[in-house]
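**Q** got a predicted structure plus its sequence, pasted below:
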Amino acid sequence: MNPVILFIDDDEFFLDSIKRTLHFYEQKWSMLFASNTDDAFKLLSDNTATVIVSDIMMPGMNGVEFFEIIQKTHPLVSRLVLSGNPKLETVVNALNKGQIFKYLMKPCNSDDLIQAIAEGIQKYNELNNLLNKANLDGLTGLFNKSFIEDKLSEEINRVKRYKQDLSILLLDIDHFKNVNDTFGHLEGDNVLATVADSLQMSIRATDFLGRYGGEEFLVIFTETSLETAYKAAERFRQRIKSLEFKNELIKVTISGGLKQYSGETAKQFLNKTDKLLYESKKNGRNRITK
């Protein structure tokens, strides 16, 4: 996916000149243009920006105020100011309040602008890689509990906005404590990693999978009804049941609780799904309860 570069300036002529200047980069960058911050916010609601290039002095909300908000809502994005205002106070405000990456003066040499954007993309990628590592479980490589819970909240907000289906599956490895007690924690870790790999290979690219607890996993099925999610969950269960390990004495099954979103908070949604998981455990394990 190409980096997304958002340009904001109330001077339409200047935006047109940027389009002409960066014409040859259309194959490398996805470029968006807004003449005010209101339009910029609308574009950001549907696009994940890599670099934002903004003027400072604009009608309504100025560039510094805009970047103050952006650093909270889009902390990874590289913020670049391109302004005709040379006042030291303006520069300092932009650096301190907006936490900008670079401050360029108009008129700006095209090579300087291109270089600044390229550096902004690199900075974004470096921060994104660090964040991804912080969001991953060290043993399984899946998303960790904190991240998968945040992702669930995001998806719930999306469902409320677009009126789409959303289902989640909470899985637990049956009798996992027995594996640790009988075969040792190294074998237990191997079971966790193997189950995680199997689940990861089974989900769609649009779904999310995280390690939710010791031997628990959470799957977020985006735009998916309960019945469709149930078919997928049953495939997961059968696939895990058929896993083979180097130690042939180890056999693994999973139990799950499956629920479709129906207006709850994220916490309530998870609690109800956890109760369904408990029903699977109570009724003999190796089953999915919906």
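**A** Structure's in. What do you need?
**Q** Three-state assignment for Ala229, please.
**A** helix (DSSP: H, G, I helix; E, B strand; the rest coil).
**Q** ok, now which ones touch the residue lying closest to it once chain neighbours are set aside?
**A** Excluding the flanking residues, the one nearest Ala229 by CB to CB, 6 or more residues apart in numbering is Ser167, at 3.8 Å. Placement of C-beta: from N, CA and C, glycine included. Under the criterion of CB atoms under 8 Å, 6 or more residues apart in numbering, the neighbours of Ser167 are 221, 224-226, 228-229, 258-261.
**Q** just those: which are in helices?
**A** 226, 228-229 (DSSP state H).
**Q** which one (most neighbours) among those?
**A** Ala229 (24 neighbours; other CB atoms under 10 Å).
**Q** I'd assumed Leu169 was in contact with that one.
**A** Yes: assessed by CB atoms under 8 Å, Ala229 is found in contact with Leu169 at 6.5 Å.
**Q** mind listing the strands for the stretch 151-290 of the chain?
**A** 166-173, 208-211, 216-222, 254-260, 288-289 (DSSP state E, counting those that start in this stretch).
**Q** contacting residues around the residue nearest to Val219 when sequence neighbours are not counted?
**A** Of all residues not flanking Val219 in the chain, Leu169 sits nearest, at 4.2 Å (CB to CB, 6+ apart). Listed by CB under 8 Å, 6+ apart, the contact partners of Leu169 are 218-219, 221, 229, 232-233, 236, 256-258, 273, 288.
**Q** rebuild the strands of the stretch 151-290 of the chain as CSV, extending it with distance to Leu136.
**A** Output for these, formatted as CSV (distance: least, CB to CB, whole Å):
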stretch, distance to Leu136
strand 166-173, 18
strand 208-211, 9
strand 216-222, 14
strand 254-260, 21
strand 288-289, 26
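**Q** so which of those comes closest to Glu279?
**A** strand 288-289 (4.4 Å; CB to CB).
**Q** still on that earlier bit, ok, the residue nearest to Ala229 to Lys259 distance?
**A** 7 Å (CB to CB, to the nearest Å).
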